[in-house]
Structures are given as structure tokens and as C-alpha cells.
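Visitor: give the three-dimensional model of this entry:
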Amino acid sequence: MRRRSYDAALYEHDGFTGRSNRATSAGVVAVAKLVYTDASGREMSVELGPQAPVVSIGRATDCTIRSNRKSVSRHHAEFHYSNGRYEIVDLNSSNGTYLMINDERKPITSSEFLQDQDEVWCGDFILRFYQHAAQQPVGAAPQLNANYGAGGGGLEVDQGYGANRVTQDFGQEEMGGFGQGGFDQGGFDQGQNQGGFAQNSYDSGGMGPGQGGFGQGGFDPGDDDGGGVSFGVSAGGGQYAGLNESSAGYDDVLEIDPRELASEASEVEPYAAGGGVDVARLQDEKRAIEELAARQADELEGLRRQLEEAQHAAPQGGGDDGEVERLNTELREAVEEKERLSTELREAREASREATIERERGEDLDRRLQEATSRIDELRARAEKAESKLEARGGDMDLLEQELERAREELRAARGGGQAREELEAARKEAARQERLLGEFERRNRDLQAEQVELNAEIEALREAAVDAGGRMEAAQAELARLGDELGALRAERDTLQGRAEAAESGLEEARAARASLESLERDLRGEIEGLKQRLKLERERARGTESAAPALDCGALRAKMESLDRIVDAIERTDLQPLSTVDRVRLQSAIRDTAPRRTLKEMMDALSEG
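Guide: Next up, the predicted model:
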């Protein structure tokens, strides 16, 4: 006979009253059902019987009941109905299928026949089988057709251990509506996957290798179930493509496996003596540090790409050396900041490990305290038993003393009779034996009291050690709070660096535009000066061979153009060159000094006047 731990109230819920099939109302067919709980706390049921002889469970889209739990294989198990008998068949799943018998999990190697109210575990997903449950009329309770999953969208079961919830579509929030067939409108709620052992989570951020487990077997979320997709590993293409891209980016930057971070979080409740460690908060802070480091790495990569583009855009040996050097300096500072963040992440992980070690030490102290308490209770019971025996022996001694007194009276009455003397001697021997026993009991009682004193001292030492461990954990929590403050300061510094980089890029673009404009103007001026020189030479030659009156008009026009050029040169010299970079400004001033356009124009005008 299989004993059930399932509450009778749940059995009566949703219309399952356990009455005989003959007691069902007209129009209601007696069928077996598989019952579990959805995300809103309602019980869902799937029919199993002649109309639906097979119900499948797994992560695949063609399963009747679909679950994205990592402990559930793609095709995990099937429920079969044949000739009035019901059977559970394990489909070579990675984490196994179990029957709960007398509060112990019995693994199903290949198949097992079911009895009414059997509790079945597919990995960590729990279903209950009711062989004589009556199907409710339409609208009385939500049900799922056994062929529902064949159309491409089954019913997904959420990942909470205690709640056994179900949600609408497989991976709907992570993959943007994968599968269109759903029963309930509730979505996946990550906020409910926190807590102790009763609400242990096996979602993408909760379970790592070596941490998941129920009983002795445990669940390994990293093994492939033979269907092509292992727990925690997304397929390379199709509907699963890009599912783990965000975590992969963090791995490239920090060289830290997110599953390793997740495996550091334990769901064991804190020990009673020294307070607990908020492992979920520690894990969230580590995840925040990891995400910040990843974002910093992305920003560094963007700055590096911008710097490379600026270097390629600038001419060889150009005037951007100062800006490039400054950007390189900022890049090095950002790289140092990234290394500092990585160091802080490692320190946070180390603090988390130390907190875990302190908690385990506290749990060991609590266990030893419980053992000492049980030992004290045992010794106290033995002492009480010894005291009761001692009281009984005291009563026997009183009786013996009374008998001894009667014997003495009889002896006095018999005036030295031999039989009375023998009885008196026997009574004396019995009294001596009882006194020896009493002394032995008293000595044993003293030993027990001394042992109890030693145990009390050991308990006090254990309590002091537990208090010390609690103080260390509080210090670790304060250190984590300090790391959070430093992270805020690092975020502000990152924003400052971003502003400086944007300002540098804007100044670089303006400098490039101004330099290009001045170079173009310089080329134009040099061309005009060379043209004027050639024309002046031609005019001089023409002046020598012709009359002096005719070239006077040409010289006047030439002098007017030269005066115009002189005004242009003056305007160039008065131009504010501060927006240019230092290199461009020095280069332009040097070119003006070398060419000396004002001196050249003056010489040309003097020569023209002399001619």
C-alpha cells in the first residue's frame, strides 16, 4: 500500500471528490487525470483514458505538457492507457522519472504501472495521478486536451520547486513568443523564483553545475538528453538562435562562466544561532558587477574603434598626434578601470565564498549544538532514571531497617536464639549491599552531573563561536555595501569619460575642418602670388620694349590687384587661429613666415613704381 503525502484538500479541489464512477452525474465520463498547478495557483488537469491514451511530458514543442525546466528532457516521459491500466514510461531522460512511495523516490528504469493518487516526479516537475477522478463539465475547471501539444504549442510549466506553476508558451519572454498555443495568459515571473529550498529555482540564472539535486541522485542541468539541446545550452540557429548572446558577451570580457557564478548561491536555510547570509542578494550584486564590467568593455571597444577610425582618417604624419595621444591615454585609463572592476568582481566572489564558508561553519556549530543538546537530554533522562532507582533503593533500605528492627525485637524476645542471630546477620549483609549500591548510584550521579557541566561549557563555547561567525558575516555584508557605493562612483566616472570622449571627437572634427579650409586658402594665395609674379615679369618685359604711356594703365591695374592681395593677406594674419590644433596653427604661421606674402607684394609694388 502506497502512503500519500498529498493533502486531501487538494484531492477534493477542482471537483476531484474520490467518489465511485457510478455516482457521477449524467453526461460526465469517468476518466483518469494528471493534475499540476499553473502560474496563478490554479490546478490544471490533463485527461488520460480511451479518448486520450497517451500524454507526453518534455521541453519539445510536440509534447502534451511542455516545461522549460532544466531538469526536464526534451522528451522526458509518457503516460499510457491500455486495457483499463495506466502506465508511466521513462523515455531515457537525463534526470530520471520517479514515483513517491512512502515519502521516498523510487526511480523508474523503463516503465511502471500507476495506482490512484500516485505522485510522479519528472526531474523536479511534480504531477499527481487520479484514476477515479470525474471529468468536470465544460466551464467548471480548466483542463487541457491530451492532443494539445501536437499542434506546436503545449503548456509550459514554470520553474519554481514548491509552486509547480505553469505558464503559457515555452520561452515566451526570453524568445519573443515561441509557440502560439497556450492555455493561460500568465507569463513567466522571475521575481517569484527566489527563496529557500521550498522555492528553489532552476531557471537560466539560478542553477549551475553541481548544485541542482533532489535526494541522492540529483539533477545535472548540463547533460544532453539525446534530443540535441542540453540544459542551459541553446541551439545554434532557428528559434533558439541568439538566446545566450548576452551572457556570451560577458564571458568574453570577464572570462567568468555565469554558471560558475550561479553555482555559488546555496538555497540552504541559515543556521539558527548566528543569523543567515542573503545569498540571493550577494548573487544579484555579483551579477550587477558582471554586467557593469561587460558594459565597460563594450564602451572601451567602441572608443577603440573610434580611435582606429580617427587614425585611418588622418593623413600620415598629420597634426592629430596630440588628440590621438590624449585618446590613447583615456583608453588606457578605461582599460585600467575595467581591470579594477574585474578585481572588485573577484573580491566580491571571494567575499561570497567566505560568507558561504562561515554559514557552513555556523551550520556545523548548530549541528554540534543539537547533538550536545540531545546528549544532555539523554544524560538527564538517565539521571532521572538513576534518581528513581535511588529512591526505590531508599524505600528498600527503609523496609530493611524496619525488618532489622523487628529482627532485633525478635532477638531480644528470643533471648539469644540461634535462628534470630542468623536472620540478623543476613539482614546486616543485605543492608551493607544496599549501602554499596547506594554509594555506586551516588557516584554515578556525580559523574553524570560533571559530564553535564562539561557539556554546558561546550555548548556555551559553540554559542560564542556562532556569535563570532555572525559578526564576520555582518562584516562581509558591510564590505559588499561598500563595494556597491564604489560601483556608483565608478558609474559616475564612466559617464565623465564618455562626455570627455564625445567632446574630444567634436573638437577633432572642428580642427580638421578648419585645417582643410586654411590649407585651401593657402594654396589659393600661393597660386595668385605666383600668377602675379609671372604677370609682373611679363609687364616689365613689355614695358622695356614699348612706350611708357601705354603700360601705365596696366601697371595701375596690376597695382590695384596687388593692393587687393595685400588686404587679403592682412585679413589672413588677423584671423583667429585658436580653434585650430596646435600643430595646424604652427604650420600655417610658419608657412606665412616662409612665403612672406606681404614682403613679396611690397617688393613687387616698389619694382612697379620704379618701372
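Visitor: and F129, what does it touch?
Guide: 32-35, 48, 79, 86, 88, 114-120 (C-beta atoms under 8 Å, 6 or more residues apart in numbering). C-beta coordinates here come from the backbone N, C-alpha and C atoms, glycine included.
Visitor: so which of the residues you listed wins on neighbours?
Guide: Sorting the contacts of F129 by how many neighbours each has (other C-beta atoms under 10 Å) puts K33 first, at 27 neighbours.
Visitor: backbone phi and psi for S71, please?
Guide: S71 has phi and psi values of phi -90, psi 0 when expressed as degrees, to the nearest 10.
Visitor: no no, P53
Guide: phi -80, psi -10.
Visitor: I'd guessed it sits against Y81; true?
Guide: Yes: counting by C-beta atoms under 8 Å, P53 does reach Y81; the two are 4.4 Å apart.
Visitor: the longest helix seen in the chain packs against which elements?
Guide: What stands out as the longest helix in the chain, according to DSSP state H, is helix 418-545. On a contact count with 3 or more C-beta pairs under 8 Å, 6 or more residues apart in numbering; DSSP states H and E, helix 418-545 meets helix 279-313, helix 321-414, helix 549-574, helix 582-595, helix 597-610.
Visitor: looking at P53 and Y81, which one has more neighbours?
Guide: Y81 (21 against 13).
Visitor: do you know how far the more buried one is from D118?
Guide: According to C-beta to C-beta, to the nearest Å, Y81 stands 14 Å off from D118.
Visitor: coming back round to it: in strands, which of the contacts of F129 fall?
Guide: 32-35, 48, 79, 86, 88, 118-120 (DSSP state E).
Visitor: farthest pair in the residues you listed?
Guide: Distance extremes for the ones in strands among the contacts of F129: the farthest pair is L48 and E119 at 15.2 Å, using C-beta to C-beta.
Visitor: and the helices and strands packed on helix 418-545: which comes nearest L508?
Guide: L508 lies closest, by C-beta to C-beta, to one member of the helices and strands packed on helix 418-545: helix 321-414, at 5.1 Å.
Visitor: residues contacting the nearest residue to R380 once chain neighbours are set aside?
Guide: In this structure, R380 finds its nearest non-sequential neighbour in Q452, 7.4 Å apart by C-beta to C-beta, 6 or more residues apart in numbering. By C-beta under 8 Å, 6+ apart, the contact list for Q452 reads 376, 379-380, 383.
Visitor: point out where the stretch 101-250 of the chain drops to low pLDDT.
Guide: Within the stretch 101-250 of the chain, the stretches with pLDDT under 70 are 133-250.
Visitor: okay, now the unreliable bits of the stretch 351-500 of the chain?
Guide: Along the stretch 351-500 of the chain, segments meeting pLDDT under 70 span 411, 414-420.
Visitor: that older thread, just the buried subset of the contacts of Q452, written out for ChimeraX, thanks.
Guide: Entered in ChimeraX, the line below selects the buried ones among those, by 16 or more other C-beta atoms under 10 Å:
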select :376,379,383
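Visitor: nearest to A501, of the contacts of Q452?
Guide: Distance to A501 across these (C-beta to C-beta) is lowest for I376, with 68.7 Å.
Visitor: that closest one contacts L455, doesn't it?
Guide: Yes: if you go by C-beta under 8 Å, I376 and L455 touch, sitting 5.3 Å apart.
Visitor: overlap in contacts of these two?
Guide: Common contact partners of I376 and L455 (C-beta under 8 Å, 6+ apart): none.
Visitor: so for stretch 439-458, what gets flagged as buried?
Guide: 441, 448.
Visitor: how about stretch 61-76?
Guide: Under 16+ other C-beta under 10 Å, the buried positions of stretch 61-76 are 61, 63-76.
Visitor: show me those that map onto strands.
Guide: In this view, these that belong to strands under DSSP E are 65-67.
Visitor: next, the angle helix 321-414 makes with the longest helix of the chain.
Guide: 180 degrees (axes from the mean of the first three to the mean of the last three C-alpha atoms, to 10 degrees).
Visitor: and the angle from helix 418-545 to helix 279-313?
Guide: Interaxial angle, helix 418-545 versus helix 279-313 (the same axes, to 10 degrees): 20 degrees.
Visitor: what comes up buried for the one helix or strand K106 maps to?
Guide: According to DSSP states H and E, K106 maps onto strand 104-107. Going by neighbour count (16+ other C-beta under 10 Å), the buried part of strand 104-107 is R105.
Visitor: and it, what does it pack against?
Guide: Applying 3+ C-beta pairs under 8 Å, 6+ apart, we find strand 104-107 packed against strand 97-101.
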